[in-house]
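*Asks:* Below are the sequence and a predicted model; questions follow.
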Number of protein chains: 2
Amino acid sequence: MGKCEQCIIKQFNSLKALTKDELMRISNCKTSQTIKKGTVIFEEGDSVNGVYCVKDGICKLSKLSENGKDQIVKMVVKGQLLGQRSLISDETSNLQATALNDMEVCFIPKSEIIADLQNNPKFSFDVLKEMALDLKEADDIIVNMAQKSVRQRLAETLIHIHNSFGVNPDGTLSVLLSREDFANIVGTATESAIRVLSQFKKDGLISTVGKHIKIEDLNGLKRVE
Amino acid sequence: MGKCEQCIIKQFNSLKALTKDELMRISNCKTSQTIKKGTVIFEEGDSVNGVYCVKDGICKLSKLSENGKDQIVKMVVKGQLLGQRSLISDETSNLQATALNDMEVCFIPKSEIIADLQNNPKFSFDVLKEMALDLKEADDIIVNMAQKSVRQRLAETLIHIHNSFGVNPDGTLSVLLSREDFANIVGTATESAIRVLSQFKKDGLISTVGKHIKIEDLNGLKRVE
DNA sequence: GTTTTAATATGATAATTATCATGTTTTATG
DNA sequence: CATAAAACATGATAATTATCATATTAAAAC
């Protein structure tokens, strides 16, 4: 099993703020896992007894609404941590995590991480910084949800995925989502998401290769109203 | 000027995790302020060079959208801290803070607080816990915005204000908001918010005394669809 | 206290989005 | 490879919400 102190992934998250000794301790109690696409990693109400460090792959964080829709709140990609929030609040999870493709993760038990959070101010301050950014993003999503049209939100979602998660060699978005996923990010009916994407295609803003989407006119998407 | 180490307000926020020595140091550099209703405490893009500890009164945190609406993201009440997020991220503010009534606050300069965040793990962990709760609330708002109707959101807003901020002796909500404020919390047009509130009144769910709103049927509001 | 301004209220209509129905294409499975 | 199942697509229609117009009431300013 890989050693945390040598793992390159931690450069992308707060674990980089840990000392070599702390990393070695964590390395000894962590477990590596492969998670298949579609697997529910944890669901709302679960006690998540630790933190996942995502070495590869992508997952969605979502919450079931009373109307049966599964609103996607955030996506967690390679390099990021998963499950810190409920761990810090010492609560069961508020969200469900589902793998969007095959994932490689390391699971670090709660007790180890909590000890470091309480003893290493550099680490806890770094986690705090990450959480402050998450909160800012969440605030911005609230504003978008409240004030922008489905068309705008979907255009911005495409741009966000493009900019934050990158593209494949052929230019298609590296994150492959179903139309239903898009609808659940934007907060609309699946049919509406399909309709808007079809329109974007007609307007030459995007093209599709199978289920893969390629942004053809980024500035056009930015101008969508 | 009051002394932080003796101030009762800190029991309601993370400042309680500071040591007596730290509190005395902060006490010496803090400034007390009275803020009049309607005053913009800071706006989007401002460098907020410290944290406000709200001793009395309420303010709204909002963000201007491109369509001209000022979406309210959160309300900060007596006992809470204001401005920590942008301070921690070391960024200009993402939100505007506006006093909803006359406020009493203490302003603690950034340098003092940052030093404590980096040196006192108990304090930074407490701030982290608060921020984790803020993030959870924000996630829940995203889900509500995306999946619930204006009627439902407005009903839940009334319930939230009732439960979290309390009522006056006559039973009316202690937080006095304009119809426009309600619209900007719910993310709808002012006319729509007015219409829904009128309907709630007709349905006997609420009553009004001037601009003050009283919840008459809490369970009824919970059942709104 | 009157005038002016802002906030609240309501109707009419338009725009947006959801829902239901149904067909097609793609993917999974025996 | 045939068949079932899921995902995608599109039309018709209904429901929700926004916008514009216009009163009415309340609050602020002179």
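*Replies:* Sure thing, it's come through.
*Asks:* use CA for all of it now, contacts and neighbours both
*Replies:* Will do.
*Asks:* who in chain A is up against DNA strand C?
*Replies:* With C-alpha under 7 Å from any atom of the strand as the criterion, chain A comes near DNA strand C at residues A:Lys148, A:Ser149, A:Val150, A:Arg151, A:Gly187, A:Thr188, A:Ala189, A:Thr190, A:Glu191, A:Ser192, A:Gly210, A:Lys211.
*Asks:* any idea which of these is the one closest to B:Asn144?
*Replies:* If you rank these by distance to B:Asn144 using C-alpha to C-alpha, A:Gly187 comes first, at 9.5 Å.
*Asks:* Quick check: phi and psi on the closest one?
*Replies:* The main-chain torsion angles of A:Gly187 are listed as degrees, to the nearest 10 and equal phi 80, psi 60.
*Asks:* what's downstream of the helix ranked longest in chain A, the next helix or strand?
*Replies:* With secondary structure taken from DSSP state H, chain A has its longest helix at helix A:121-147. Downstream of helix A:121-147, the first helix or strand assigned by DSSP states H and E is helix A:150-165.
*Asks:* which helices and strands sit right next to the next helix or strand after that following helix?
*Replies:* Using DSSP H and E, the next helix or strand after helix A:150-165 towards the C-terminus is helix A:179-186. For helix A:179-186, the packing partners by 3 or more C-alpha pairs under 8 Å, 6 or more residues apart in numbering or on different chains; DSSP states H and E come out as strand A:70-77, helix A:150-165, helix A:190-202.
*Asks:* Report the buried residues of the last one.
*Replies:* Of the residues in helix A:190-202, those with enough neighbours to count as buried (16 or more other C-alpha atoms under 10 Å in any protein chain shown) are A:Thr190, A:Ser192, A:Ala193, A:Ile194, A:Val196, A:Leu197, A:Phe200, A:Lys201.
*Asks:* out of the residues of chain A next to DNA strand C, who's nearest chain B?
*Replies:* For chain B, the closest of the residues of chain A next to DNA strand C turns out to be A:Gly187, at 4.5 Å, with distances computed as C-alpha to the nearest C-alpha.
*Asks:* and the gap between the closest one and A:Leu64?
*Replies:* Separation of A:Gly187 from A:Leu64 (C-alpha to C-alpha, to the nearest Å): 12 Å.
*Asks:* shared neighbours, the two?
*Replies:* Applying C-alpha atoms under 8 Å, 6 or more residues apart in numbering or on different chains, one finds that A:Gly187 and A:Leu64 are jointly contacted by A:Gln71.
*Asks:* Among these two, which residue is more densely surrounded?
*Replies:* Taking other C-alpha atoms under 10 Å in any protein chain shown, A:Gly187 and A:Leu64 do not tie; A:Gly187 has more neighbours (27 against 17).
*Asks:* Surely that one and B:Ala146 touch.
*Replies:* Yes. In this structure A:Gly187 lies within contact range of B:Ala146 using C-alpha atoms under 8 Å: 4.5 Å.
*Asks:* Out of the residues of chain A next to DNA strand C, which two are the most distant from each other?
*Replies:* Comparing the members of the residues of chain A next to DNA strand C, the greatest separation, given C-alpha to C-alpha, is between A:Lys148 and A:Gly210, at 28.7 Å.
*Asks:* Looking at these two, which is more packed in?
*Replies:* Neighbour totals were compared for A:Lys148 and A:Gly210, and A:Lys148 leads with 16 against 6 (other C-alpha under 10 Å).
*Asks:* phi, psi of the more buried one?
*Replies:* Backbone geometry at A:Lys148, expressed as degrees, to the nearest 10, gives phi -110, psi 160.
*Asks:* DNA strand D contacts on chain A?
*Replies:* Close to DNA strand D, as judged by C-alpha under 7 Å from any atom of the strand, chain A has residues A:Leu177, A:Ser178, A:Arg179, A:Glu180, A:Glu191, A:Ser192, A:Ile194, A:Arg195, A:Leu197, A:Ser198, A:Lys211.
*Asks:* and the last one, how many neighbours?
*Replies:* The one in question is A:Lys211. If you count neighbours by other C-alpha under 10 Å, A:Lys211 ends up with 11.
*Asks:* residues in contact with A:Leu81?
*Replies:* With C-alpha under 8 Å, 6+ apart as the criterion, the residues that contact A:Leu81 are A:Asn13, A:Val51, A:Tyr52, A:Cys53, A:Val54.
*Asks:* One more pass at 6 Å, please.
*Replies:* By C-alpha atoms under 6 Å, 6 or more residues apart in numbering or on different chains, the residues touching A:Leu81 are A:Tyr52, A:Cys53.
*Asks:* got it, and A:Asn49?
*Replies:* Residues counted as contacts of A:Asn49 (C-alpha under 6 Å, 6+ apart) are A:Pro109, A:Lys110.
*Asks:* Return the per-residue confidence for A:Ser86.
*Replies:* Confidence per residue is given as pLDDT, and for A:Ser86 that number is 93.
*Asks:* Spatially nearest residue to it (excluding sequence neighbours)?
*Replies:* Counting by C-alpha to C-alpha, 6 or more residues apart in numbering or on different chains, A:Ser93 is the residue found nearest to A:Ser86 once chain neighbours are left out, at 5.3 Å.
*Asks:* Tell me if I'm right that the one you found and A:Leu87 touch.
*Replies:* No. Under the criterion of C-alpha atoms under 6 Å, A:Ser93 makes no contact with A:Leu87, lying 8.2 Å away.
*Asks:* ok so, going back, so which two of the residues of chain A next to DNA strand D are the farthest from each other?
*Replies:* The largest separation in the residues of chain A next to DNA strand D, counting by C-alpha to C-alpha, is between A:Ser192 and A:Lys211 at 17.0 Å.
*Asks:* Now A:Thr31: phi and psi?
*Replies:* According to degrees, to the nearest 10, A:Thr31 has phi -130, psi 140.
*Asks:* number of nearby residues for it?
*Replies:* 15.
*Asks:* Touching, it and A:Pro109? I think so.
*Replies:* No. At 8.7 Å, A:Thr31 does not count as touching A:Pro109 under the criterion of C-alpha under 6 Å.
*Asks:* now A:Leu205: how far from A:Val224?
*Replies:* Distance check for A:Leu205 against A:Val224: by C-alpha to C-alpha, it reads 10 Å.
*Asks:* ok, these two, which is more surrounded?
*Replies:* Comparing A:Leu205 with A:Val224 by other C-alpha under 10 Å, the one with more neighbours is A:Leu205, at 20 against 15.
*Asks:* and the closest residue to the more buried one other than its chain neighbours, backbone torsions?
*Replies:* What sits nearest to A:Leu205 in space, not counting adjacent residues and going by C-alpha to C-alpha, 6+ apart, is A:Asp217, at 4.8 Å. Dihedral pair for A:Asp217: phi -140, psi 80, per degrees, to the nearest 10.
*Asks:* in chain A, what spans have low per-residue confidence?
*Replies:* Scanning chain A for pLDDT under 70 picks out A:1.
*Asks:* Surely A:Val51 forms part of a helix?
*Replies:* No. For A:Val51, which was evaluated using DSSP: H, G, I helix; E, B strand; the rest coil, the result is strand, with no helix membership.
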